[in-house]
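Enquirer: A predicted structure for the sequence below; I have some questions about it.
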Amino acid sequence: MIRLGTFVWLALLTMIGVGLYQVELGVLAKESELKQINRQIDANREATHVLEAEWSYLNDPTRLADLARRYTDLAPATPTQIAGFDRLVPRPPAGAPFERGLHEGGGAGAAALLASMKGSEPDPTGPAATPASVVSAAAAPEEKSPSKPTDEQAAADDVIDAILADMKKAQQ
């Protein structure tokens, strides 16, 4: 007859064998998953190399210069088009539209630019009096003053005003 101890040992060895078999199946599944992940990593590296080569081709300066020459009217900047920071028009106060920058001594450069756009000179005695260099810098890009805005310009101004109003509402 089989003793109880023998039966317990036999059951214990069977459970250990089944457990080891389960662990082996788990290890094989993980190894196959690891191989698949490694293949995906290799494929991604290869795709990255291809994309880097395409990026290098697309950003080739001679190719870009040729495309710019063929499809745009761009020309290299001339030295007369470049100005220093001292000739820039100061910004209007934050949060204020362009024309509101003319208040209480602030926005002197804005007044000069606005006056040059309207075709008149700013009031030299008013709070927005500007140095002659700023006035000449603001008027330098175009000597002719624009006449009445076109319908397209008015429509664009309306769109910009609407966008600014929406931005103000969103900030509040």
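Expert: Received the coordinates, thanks. As the structure is a prediction and not an experimental result, all values here were calculated from the model.

Enquirer: L67 in helix, strand or coil?
Expert: In three-state terms, and counting by DSSP: H, G, I helix; E, B strand; the rest coil, L67 is helix.

Enquirer: break the protein into its domains for me.
Expert: Partitioning the chain according to automatic domain parsing yields domains covering residues 31-69, 87-139.

Enquirer: lowest-confidence stretch among these?
Expert: Taking the mean pLDDT of each of these, the lowest value is held by domain 87-139, a mean of 54.

Enquirer: against F7, how distant is V89?
Expert: In this structure, V89 and F7 are separated by 99 Å, where distance is defined by C-beta to C-beta, to the nearest Å. Heads up, the C-betas are built off the backbone N, CA and C, glycines and all.

Enquirer: now L64
Expert: Remark: distance between L64 and F7 (C-beta to C-beta) = 83 Å.

Enquirer: repeat that for K30.
Expert: For K30, the distance to F7 (C-beta to C-beta) stands at 35 Å.

Enquirer: can you check D66 too?
Expert: The spacing between D66 and F7, counted by C-beta to C-beta, is 88 Å.

Enquirer: helix, strand or coil: sort out T48 for me.
Expert: helix.

Enquirer: oops, could you answer that again for R91 instead?
Expert: R91 carries the three-state label coil when classified by three-state DSSP.

Enquirer: that one - how many residues pack around it?
Expert: The tally of other residues near R91 (other C-beta atoms under 10 Å) stands at 12.

Enquirer: try V89
Expert: V89 has 20 neighbours, counted by other C-beta under 10 Å.

Enquirer: and it, how far is that from Q81?
Expert: Taking C-beta to C-beta as the criterion, V89 is separated from Q81 by 16 Å.

Enquirer: show me where this protein has its helices.
Expert: Along the chain, the stretches classed as helices by DSSP state H are 4-58, 61-71, 108-118, 132-139, 151-171.

Enquirer: so which of those comes closest to F85?
Expert: When those are compared for distance to F85 using C-beta to C-beta, the nearest one is helix 132-139, at 10.9 Å.
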